[in-house]
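K.L.:
Sequence isn't available, so here's the structure alone:
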Ligand code: TSB
Ligand code: ZN
């Protein structure tokens with residue numbers, strides 16, 4: 001047998017016989033490592049521990065606590081779950097089971113939704129199968145043979161997936177016991193490696209996320225390498241559930257969905273509308289200072305406009321279908337840009353007018369797939385903190401950076417610290433389809449954006465293939481309480497559409513030039529931003545956003561008249577204040593205010609009536625003593641005006 005040289009990540013080398021596996025190497029290093037390791041990288045390729053090695057290579061070994069190893073563990077647990085489900089419910093059809101952040105799911109075609117008891121049964125079965133220490137074996141087949149294999153088993157979804165793959169490709173299958181799945185791998189060497197797992201929830205999910213397809217039954221779960229890690233994660237999930245905007249939004253009466261209105265079409269309740277208005281005030285104030293003009297546009301538009309803009313070519317899937325009006329196709333608008341371009345074009349422009357910045361909280365409608373809808377965060381009707389900036393090439397970097405600065409300033413106000421800036425680039429392979437076909441302009445514009453960001457000292461990661469169809473963009477990513485990722489702010493360059501619209505300005509020499517356009521939405525849409533804020537604050541809004549800023553609590557009915565007077569005085573000072581006029585005990589009224597997350601309680605009784613004062617109690621700071629009306633009004637007014645952050649983030 002020939003000898004091969006194995007190089008480890010620390011640079012050290014070891015000599016082994018050809019045919020050795022990563023697991024053998026781990027055993028050679030130490031028993032503990034051999035026990036903990038779940039997968040390996042062989043010359044950078046993530047592989048099974050049983051992969052034979054027959055040449056000199058670099059090897060890295062991963063245990064279940066490393067990101068690579070954890071992902072393998074998650075994926076193997078998804079297989080274990082599918083195996084258990086098939087054991088218990090032999091009629092089930094298996095579909096796909098990917099990993100997600102700190103978890104996995106598997107979608108099954110099954111006649112009825114899985115119940116809580118089903119989950120318990122499945123979990124028990126998984127424990128049994130794990131204990132059996134079943135070896136997990138990889139097998140490679142030609143696509144055709146793999147297709148036949150699953151066809152014979154009656155697993156039609158797998159056949160459908162394989163039939164979409166190139167016929168000449170080799171396909172890998174992983175088997176454990178009686179169970180075989182189509183999978184790239186790698187996987188843990190045997191089922192006993194899967195110890196600390198939990199099945200979490202179930203939901204319906206359409207095959208391929210498309211509501212025209214069959215509804216499948218999805219089961220979510222998670223796994224960790226250590227018991228302590230699993231426990232910590234489950235605790236975190238419990239906490240996150242309490243912050244979930246879908247739950248808090250209902251409890252705090254912020255928004256609702258109604259079957260008769262339709263999925264993804266939120267209704268703002270009065271409390272939510274207060275927050276919407278407060279955000280609009282902030283945006284209008286900020287945009288006014290930053291030199292924006294406000295414009296307004298209709299919700300309906302002729303199809304011809306979207307042919308010109310390219311939306312019908314590149315964005316049709318996300319648009320509601322046309323409606324016929326007097327023999328012409330009309331669409332509800334998915335974006336505000338084409339209208340703003342028309343506004344630009346309505347009056348001739350010279351270089352002296354640029355940059356021009358048109359802002360609108362524009363209402364858009366998008367046909368998001370029903371499987372993608374998520375509370376307020378992904379909806380079908382939305383109001384966007386939109387603006388389009390028309391500028392010269394020379395002005396571009398300054399304008400682009402000013403937009404970045406604007407959303408970083410907003411993040412300061414809201415205390416948003418956990419976010420990631422992503423520079424989304426085009427994919428040259430998709431020019432002409434997903435992206436406007438201007439290869440040189442793409443490269444040039446992407447470079448200009450990079451330079452602007454570097455000049456501003458901003459940190460970002462580059463993601464190819466995520467650009468808008470009209471140019472590169474910066475997206476700011478945030479995460480919902482339960483870990484789903486969303487784009488909040490966006491800042492996009494458009495080097496293509498102004499030309500299509502024939503937008504021009506006359507330059508210093510009297511020549512006609514085409515401006516660049518920046519599309520931006522620092523505060524996202526009201527829907528996504530407020531969904532995010534509910535979770536970010538855990539419902540404890542800062543005073544300036546709080547739907548009810550103070551509640552007056554009369555000690556008894558005798559003081560209702562005085563409570564009325566206090567309310568009038570505060571309202572005339574623009575403070576949102578209510579009275580709890582129920583005949584409950586004072587303790588109960590305070591508890592009620594706390595449950596509704598109202599931060600300021602103004603208690604009035606005999607002494608307060610006599611002295612024209614209020615006793616102030618704050619939710620996080622307790623008793624504040626007696627204050628004159630003037631004093632509390634001026635204190636609250638200042639806190640609101642400063643848009644001060646909340647005192648505490650505790651629930
Ligand atoms: C910024 N034309 C640009 C605009 O000028 C545009 O429409 N960009 S967008 O498509 O990226 O949307 C802007 C922002 O709206 C996104 O960054 C995201 O925060 C928010 N948004 C997009 N789709 C949805 C949706 N379905 N539900 C809630 N918010 C959404
Ligand atoms: Zn736009």
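P.N.:
Thanks, I have it. No experiment lies behind these values; they were computed from the predicted model shown. Ligands and ions are numbered 1, 2, ... in the order given.

K.L.:
what residue lies at the spatial centre of this structure?
P.N.:
In the chain, the centroid-proximal residue (C-alpha atoms, centre = their mean) is residue 486; its distance is 2.2 Å.

K.L.:
which bits of the stretch 401-550 of the chain sit near ligand 2?
P.N.:
Within the stretch 401-550 of the chain, the positions adjacent to ligand 2 are residue 519 by C-beta under 5 Å from the ion. The way it works is simple: take the backbone N, C-alpha and C, and place the C-beta from them, glycine included.

K.L.:
ok, now the chain?
P.N.:
337, 519.

K.L.:
okay, now the closest residue to residue 341 other than its chain neighbours: neighbour count?
P.N.:
Closest residue to residue 341 apart from its sequence neighbours, by C-beta to C-beta, 6 or more residues apart in numbering: residue 501 at 4.5 Å. If you count neighbours by other C-beta atoms under 10 Å, residue 501 ends up with 19.

K.L.:
measure residue 501 to ligand 2 for me?
P.N.:
Distance, residue 501 to ligand 2, by C-beta to the ion, to the nearest Å: 12 Å.

K.L.:
now swap in residue 41 and tell me
P.N.:
On the measure of C-beta to the ion, residue 41 and ligand 2 end up 42 Å apart.

K.L.:
what's that residue in contact with, if anything?
P.N.:
By C-beta atoms under 8 Å, 6 or more residues apart in numbering, the residues touching residue 41 are 47, 58, 59, 60, 62, 68.

K.L.:
coming back round to it: for the residue nearest to residue 341, give me phi and psi.
P.N.:
phi -90, psi 0 (degrees, to the nearest 10).

K.L.:
re the thing from before, quick check: helices, which of the contacts of residue 41 are part of them?
P.N.:
Of those, the ones assigned to helices by DSSP state H are residue 68.

K.L.:
now the contacts of residue 41: which count as buried?
P.N.:
47, 59, 60, 62, 68 (16 or more other C-beta atoms under 10 Å).

K.L.:
okay but the residue nearest to the centre of the chain is in contact with residue 528, surely?
P.N.:
Yes: if you go by C-beta atoms under 8 Å, residue 486 and residue 528 touch, sitting 6.2 Å apart.

K.L.:
list the residues that contact both of those two?
P.N.:
What both residue 486 and residue 528 touch, as defined by C-beta under 8 Å, 6+ apart, is the set 377, 378.

K.L.:
So what's the residue count around residue 350?
P.N.:
Residues near residue 350, counting by other C-beta under 10 Å: 12.

K.L.:
List phi and psi for it.
P.N.:
phi -120, psi 170.

K.L.:
wait, isn't it in contact with residue 506?
P.N.:
Yes: in this structure residue 350 lies within contact range of residue 506 using C-beta under 8 Å: 4.9 Å.

K.L.:
Name the nearest residue to whatever residue of the stretch 501-650 of the chain ends up closest to ligand 2, ignoring sequence neighbours.
P.N.:
Nearest residue of the stretch 501-650 of the chain to ligand 2: residue 519, at 3.3 Å (C-beta to the ion). Among residues not flanking residue 519 along the chain, residue 492 sits closest, at 4.3 Å (C-beta to C-beta, 6+ apart).

K.L.:
got a list of what that neighbour touches?
P.N.:
Residues near residue 492 by C-beta under 8 Å, 6+ apart: 468, 470, 471, 472, 473, 474, 518, 519, 520.

K.L.:
could you dump those residues to a markdown table with pLDDT and secondary structure?
P.N.:
Formatted as a markdown table, the contacts of residue 492 follow (pLDDT from 0 to 100; DSSP: H, G, I helix; E, B strand; the rest coil):
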| residue | pLDDT | secondary structure |
| --- | --- | --- |
| 468 | 88 | strand |
| 470 | 86 | coil |
| 471 | 90 | strand |
| 472 | 93 | coil |
| 473 | 94 | strand |
| 474 | 93 | strand |
| 518 | 96 | strand |
| 519 | 96 | strand |
| 520 | 97 | strand |
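
K.L.:
thinking again about what came up before, can you pull the phi and psi angles for the residue nearest to residue 519?
P.N.:
Backbone torsions for residue 492, taken as degrees, to the nearest 10, come to phi -120, psi 140.

K.L.:
and the gap between residue 167 and ligand 2?
P.N.:
When distance is defined by C-beta to the ion, residue 167 is 42 Å away from ligand 2.

K.L.:
For that residue, give me its contacts.
P.N.:
Contact partners of residue 167, counting by C-beta under 8 Å, 6+ apart, are 143, 144.

K.L.:
ok, now with 10 Å
P.N.:
Residues in contact with residue 167 (C-beta atoms under 10 Å, 6 or more residues apart in numbering) are 142, 143, 144, 147.

K.L.:
per-residue confidence at the second one?
P.N.:
Confidence per residue is given as pLDDT, and for residue 143 that number is 90.

K.L.:
what sits against it?
P.N.:
162, 163, 164, 165, 166, 167, 168, 169, 170, 171.

K.L.:
For it, give me phi and psi.
P.N.:
Residue torsions, per degrees, to the nearest 10, at residue 143 are phi -50, psi -40.

K.L.:
Next, the contact list for residue 631, please.
P.N.:
Residue 631 neighbours (C-beta under 10 Å, 6+ apart): 613, 614, 616.

K.L.:
oh, I was asking about residue 566
P.N.:
550, 552, 554, 559, 577, 579, 602, 604, 608-609, 612-614, 629, 632-633 are the contacts of residue 566 under C-beta under 10 Å, 6+ apart.

K.L.:
Can you list phi and psi of it for me?
P.N.:
Dihedral angles (degrees, to the nearest 10) for residue 566: phi -60, psi -40.

K.L.:
quick one: it from residue 554, how far?
P.N.:
9 Å (C-beta to C-beta, to the nearest Å).

K.L.:
Are there residues contacting both of these two? Which ones?
P.N.:
With C-beta under 10 Å, 6+ apart, residue 566 and residue 554 have common neighbours 579, 602, 604, 608, 609.

K.L.:
now the third one, which residues is it bridged with?
P.N.:
So that's residue 604. Counting by DSSP bridges, residue 604 forms beta bridges with residue 554.

K.L.:
Count the neighbours of it for me.
P.N.:
Residue 604 has 22 nearby residues by other C-beta under 10 Å.

K.L.:
was I right about it contacting residue 551?
P.N.:
No: using C-beta atoms under 10 Å, residue 604 makes no contact with residue 551, being 11.2 Å away.

K.L.:
Now do the shared contacts for these two.
P.N.:
residue 579.

K.L.:
mind listing what residue 63 touches?
P.N.:
Taking C-beta under 10 Å, 6+ apart, we find residue 63 in contact with 26, 32-33, 35-39, 69-70, 73, 225-226.

K.L.:
list the contacts for residue 323?
P.N.:
Counted by C-beta under 10 Å, 6+ apart, residue 323 has contacts 300, 303, 329, 330, 331, 332.

K.L.:
and the residues you listed as CSV, adding neighbour count, pLDDT and secondary structure?
P.N.:
Formatted as CSV, these follow (neighbours: other C-beta atoms under 10 Å; pLDDT from 0 to 100; DSSP: H, G, I helix; E, B strand; the rest coil):
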residue, neighbour count, pLDDT, secondary structure
300, 11, 96, strand
303, 16, 97, helix
329, 16, 96, strand
330, 14, 97, strand
331, 21, 98, strand
332, 19, 97, strand
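
K.L.:
which bits of the stretch 351-500 of the chain sit near ligand 1?
P.N.:
Residues of the stretch 351-500 of the chain that fall close to ligand 1, judged by C-beta under 6 Å from any ligand atom: 366, 368, 378, 379, 382, 384, 386, 388, 487, 488, 490, 492.

K.L.:
for stretch 367-375, what is the average pLDDT?
P.N.:
pLDDT averaged over stretch 367-375 gives 89.
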